[in-house]
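Novice: turn this into a model:
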Amino acid sequence: MFGRRANLYQDFRRWIAVFWEERLLDPVLLELCRLRVAQLHGCESELRLRHQPALDAGLSERKIAELSRAATSPAFSPLERDCIALAELFVADPHAITDEDAARISEPLGAEGLVALVQALALFDGFARFRLVLGVEPASDSVRVVPAPAAAADSLY
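Specialist: Below is the predicted model:
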């Protein structure tokens, strides 16, 4: 995607690495929201990725399979449900996010956690759209496990 604009790739890599390196959010929660945004956009290239820190923290394929039913599935904690619901609103209609929606996130995560989640959603949403516009397709139908994005790495994936 970034082959023609390496300088943009460097900035992207630094930005996304912040969420993983500084552990601004639980890696499972971060990955669930990333995958839900990808589902909503039908972004297969994002749906085929799994970040190792989320798997190490306990994320399972069974839970991922329930992601589209997170609102009613017992596989998800109340916080996960609230964050996934916020992700869904963010993609569909960010103006529909209410103060109550934000409070359900900021109460357990703090204001910093809410800001981190919204920033992550903006990144996930924007780059899923970016991949779709450019027609980035997955190399195969299999799921690829990748390390957490790192600012200093030569390659993100």
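Novice: ranges for the strands of the protein?
Specialist: 49-51, 144-146 (DSSP state E).
Novice: give me the nearest residue to Leu25, chain neighbours excluded.
Specialist: Nearest non-adjacent residue to Leu25, counting by CB to CB, 6 or more residues apart in numbering: Ala116, 5.4 Å away. Any C-beta I mention is one placed from the backbone N, CA and C, and that applies to glycine too.
Novice: the one you found contacts Trp20, doesn't it?
Specialist: No - contact criterion CB atoms under 8 Å: Ala116 and Trp20 do not qualify, at 11.4 Å.
Novice: so what sits against both of these two?
Specialist: When CB atoms under 8 Å, 6 or more residues apart in numbering defines a contact, no residue borders Ala116 and Trp20 alike.
Novice: tell me how many other residues crowd the closest residue to Val118 other than its chain neighbours.
Specialist: Spatial nearest neighbour of Val118, excluding adjacent residues (CB to CB, 6+ apart): Phe90 at 7.3 Å. Neighbour count for Phe90, taken as other CB atoms under 10 Å: 23.
Novice: roughly how far apart are Ala38 and Arg50?
Specialist: Applying CB to CB, to the nearest Å, the value for Ala38 to Arg50 is 11 Å.
Novice: the two: who's more crowded?
Specialist: Neighbours per residue (other CB under 10 Å) separate Ala38 from Arg50, with Ala38 holding more: 24 against 18.
Novice: please identify the most buried of the strands of the chain.
Specialist: When the strands of the chain are scored by mean count of other CB atoms under 10 Å, the highest mean neighbour count falls to strand 49-51 (a mean of 19).
Novice: mind listing residues that contact that strand?
Specialist: 20, 27, 30-31, 34, 59, 143-149, 157.
Novice: same question, stretch 96-103
Specialist: 82, 85-86, 89-90, 114.
Novice: in space, what's closest to Arg62 - neighbours in sequence excluded?
Specialist: That would be Ala75: by CB to CB, 6+ apart, it lies 7.1 Å from Arg62.
Novice: what residues are up against that neighbour?
Specialist: 62-63, 66.
Novice: Arg131 and Ser45 touch, don't they?
Specialist: Yes - applying CB under 8 Å, one finds Arg131 in contact with Ser45, separated by 5.3 Å.
Novice: which helix in this structure runs the most residues?
Specialist: Secondary structure of the chain per DSSP state H: the longest helix is helix 99-134.
Novice: and it, what's buried?
Specialist: For helix 99-134, burial by neighbour count (16 or more other CB atoms under 10 Å) applies to 101-102, 104-106, 109, 113-114, 116-118, 120-121, 123-125, 127-128, 131-132.
Novice: understood, closing this out.
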